[in-house]
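Undergrad: Please find the sequence and the predicted model below.
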Amino acid sequence: MSTITAPSENTTGEQAPARSGAPSLWRSLALRAGAVVALVAIWQAVAMARVWPPVFVPEPAAVWEQFLRTTGEGVSGYTLQEHLLVSLRRILLGCLYGVTGGVVLGLLIGMVPTLRALLGPLVTFVRTLPPLAYLSLLVIWFGIDEEPKIWLLLLAALPPVAVATADAVRGVHEDYLNAARSLGARGHELPLRVVLPSALPEIVTGVRVAVGVAYTTVVAAETVNGVPGIGGMVRDAQRYNQTDVVVLGILVIGLSGLLIDFLLQTLDRRLVPWRGRT
Amino acid sequence: MRRTTPLFSLLLAAALTLTACGSGEPEAKPAADGSPATLRIGYQLIPNGDLIVKDQKWLETALPNTKIVWSKFDSGGDVNTAVIAGSLDIGLAGSSPVTRGLSAPLNIPYRVPWIFDVIGDNEALVARGGVTDVKGLAGKRVATPFSSTSHYSLLAALSEAGLSEADVKILDMEPPDIQAAWQRGDIDAAYVWTPNLAELQKNGGTTLVTSRQLAQRGKLTADLAVVRDEFATKYPKALQTWLQQQDRAVKLARSDKDAAAAAIGRQLNLDPAEAARQLGQLVLLDATEQRSAEYLGTPSAPGKLAENLHSAAEFLKTQKKVDAVPDLGVFQKGLATQELADAFPGN
């Protein structure tokens, strides 16, 4: 029943499902805020109980103080914003290359059986490697500046996208392809005009997973000459038992990760509005 | 060798604390003769007297009623964490971690009863590309493992040459990465320790300054023993025995170098010749030297090590790694001069 054209425009009447009413919105906001407050309260209680020395469990206030200090005068020679921006730039570039490469590779693997046999195991192989294991190699090959870090993030981001794309491509309904062919589509038009659009929802999910993986890899990527960088900052603080800075760094990484995932979800809704409704 | 907290320190800290808390009472009751039931020692793989004592089982022999537990540590930062958690009685840490331990916010209740070794030719600043003195490093890229004794020595060498930290680009890297970057030509110089140091020297590196030379000029870095205050007060006899065994190891290293090298070689998995070479790069001090004004000193006149730690704290303050520089008195009190004097009453 669905059309085979790429949905460049949203057809009318396809609004977001069941707009949540104002009361329930408030309720969910209050619920979330409550959860955060409760978490901080537990943290404060644990810190104040002094079961562990403050070096192990810093108080929320100490972390807040570090936040003010690191955004003002900085830590490890750079401010918190600078650390974060440099890391975000690395993640952005790494994901950009990784996602592009992953989509191309996934298309190839999904559509060409020979390539599937050749490259499939390789992608799985790379996917299971812990990033720290091959970082030393990347340092030897690409030096100590931006290159090895971007490569590491690329290698982290590529496999999830490739796997998701390959699976989605193989799952494209044969009817779509036949319909396109019978309507006069040429062979070379199929991947871009039929396969990719119909695989898009799963690819976007793959991208979300990939960005998450890249995010978890950034601390590993910044173990060599990682300052400035949020991972380098955390590592530097760890070495000096500055637990409050470590906690701050972890919070910043987590929160910025949440924000990025939120943006990707928004993008997902814009890009694939037909998800779940075909 | 003397790095402080690496990646796992937090986990380790948590684990150690949990075990310390979980086991309820970490210390068992002392034995009948007043010696402790257990003596928990944190050692590191550094070719000094500690490994000789361990290899020869001298402590086990000298304290027959005490269970000696040896745990290996990779860095002084981890030793600090373990002492905070109450999981160690005596440990080995570099002068940089000990300075941090004695300063706020850590304020670890421990003191320094012994200097395992003064870092000598095993840590050095090497450069290439026609750089022949430290001044020539202006604008160059210099790598060192941050928070290590090498890091401290590098900044000391730079300030000696009239260079500030901003005049050179200092990169934080682990020794194996330094070696890789050196081979690729990504860095112009590095302050690092053996065995990676030896590789750089072989691959066209010119040695600009060694830690031995810096020590002679007052910028001393050392591997120190730390003993928990509580243990030192509760079991002075055991601590004295421990100190006497360390002195015995230093004397062995001087009188019978082959036997000492063989013992260290066994602990480090090195052939005796290499162990002897590495041992020779460190400066070991016997009890008399430890008590001289140059090092730990006496109860009435604490030695110069306190000033060394104090200036290291000033350095860490500029690095924003400690909150405040404690008074010199804090470091003088941090030297266990009384315990040292009690252990060697003869001289």
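TA: Nice, I can see it.

Undergrad: Just give the closest residue to B:G204, not the sequence neighbours.
TA: B:R128 (4.9 Å; C-beta to C-beta, 6 or more residues apart in numbering or on different chains). For glycine as for every other residue, the C-beta is placed from the backbone atoms N, C-alpha and C.

Undergrad: I'd like the mean pLDDT over stretch B:335-347, please.
TA: Rounded to a whole number, the mean pLDDT of stretch B:335-347 is 89.

Undergrad: same question, stretch A:213-227
TA: Mean per-residue pLDDT for stretch A:213-227: 88.

Undergrad: May I see the buried residues of it?
TA: When neighbours are counted by 16 or more other C-beta atoms under 10 Å in any protein chain shown, the buried residues of stretch A:213-227 are found to be A:213-215, A:217-227.

Undergrad: what's the span of it from first residue to last?
TA: End-to-end distance for stretch A:213-227: 21 Å, by C-alpha to C-alpha, to the nearest Å.

Undergrad: And residue 68, what's its pLDDT?
TA: Since no chain was named, I'll use chain A. Model confidence at A:L68, expressed as pLDDT, equals 93.

Undergrad: Correction: the question concerned chain B.
TA: Residue-level confidence at B:I68 comes out at 95, pLDDT.

Undergrad: is it true that it touches B:I41?
TA: Yes - contact status for B:I68 versus B:I41: in contact at 6.6 Å, counting by C-beta atoms under 8 Å.

Undergrad: returning to that earlier point: what's the separation between the residue nearest to B:G204 and B:E230?
TA: Separation of B:R128 from B:E230 (C-beta to C-beta, to the nearest Å): 50 Å.

Undergrad: Which one's more surrounded, the two?
TA: Set side by side, B:R128 and B:E230 give different neighbour counts by other C-beta atoms under 10 Å in any protein chain shown, the larger being at B:R128 (17 against 13).

Undergrad: And chain B, split by domain according to the record?
TA: Using automatic domain parsing, the domains assigned to chain B come out as B:9-118+B:221-343, B:123-216.

Undergrad: What of chain A?
TA: As given by automatic domain parsing, the domain ranges for chain A are A:23-57, A:60-271.

Undergrad: Please name whichever of these is nearest to B:D74.
TA: Relative to B:D74, the nearest member of the domains of chain A by C-beta to C-beta is domain A:60-271, separated by 11.8 Å.

Undergrad: per-residue confidence for B:G265?
TA: Listed pLDDT for B:G265 reads 93.

Undergrad: Check B:T17 too.
TA: On the pLDDT scale, B:T17 is placed at 46.

Undergrad: And B:K237, by the same measure?
TA: You'll see B:K237 listed with a pLDDT of 94.

Undergrad: Chain A versus that one, what's the distance?
TA: When C-beta to the nearest C-beta, to the nearest Å is applied, the distance between B:K237 and chain A equals 29 Å.

Undergrad: who touches that residue in this structure?
TA: Shown here is B:K237, whose contacts under the criterion C-beta atoms under 8 Å, 6 or more residues apart in numbering or on different chains are B:G34, B:S35.

Undergrad: in the host helix or strand of it, what's buried?
TA: With secondary structure defined by DSSP states H and E, B:K237 is part of helix B:236-255. Under the neighbour-count criterion of 16+ other C-beta under 10 Å, helix B:236-255 has B:238-243, B:245-250, B:252-253 buried.

Undergrad: thinking again about what came up before, isn't the residue nearest to B:G204 up against B:D186?
TA: No - here B:R128 does not reach B:D186: they are 11.8 Å apart, not a contact under C-beta under 8 Å.

Undergrad: Flag every residue of the stretch 101-250 of chain A that's near chain B.
TA: Residues of the stretch 101-250 of chain A lying close to chain B (C-beta under 8 Å from any C-beta of the partner chain) are A:136, A:139-140, A:143-145, A:223-227, A:232, A:235-236, A:238-243, A:246.

Undergrad: So for B:L12, what pLDDT did the model give?
TA: 45.

Undergrad: ok, back up a step: and the helix or strand following the helix holding B:K237, how far from the chain's centre?
TA: If you walk from helix B:236-255 toward the C-terminus, the next helix or strand you reach (DSSP H and E) is helix B:257-268. If you compare the mean C-alpha spot of helix B:257-268 with that of the full chain, they lie 19 Å apart, counting by C-alpha atoms, centre = their mean, to the nearest Å.
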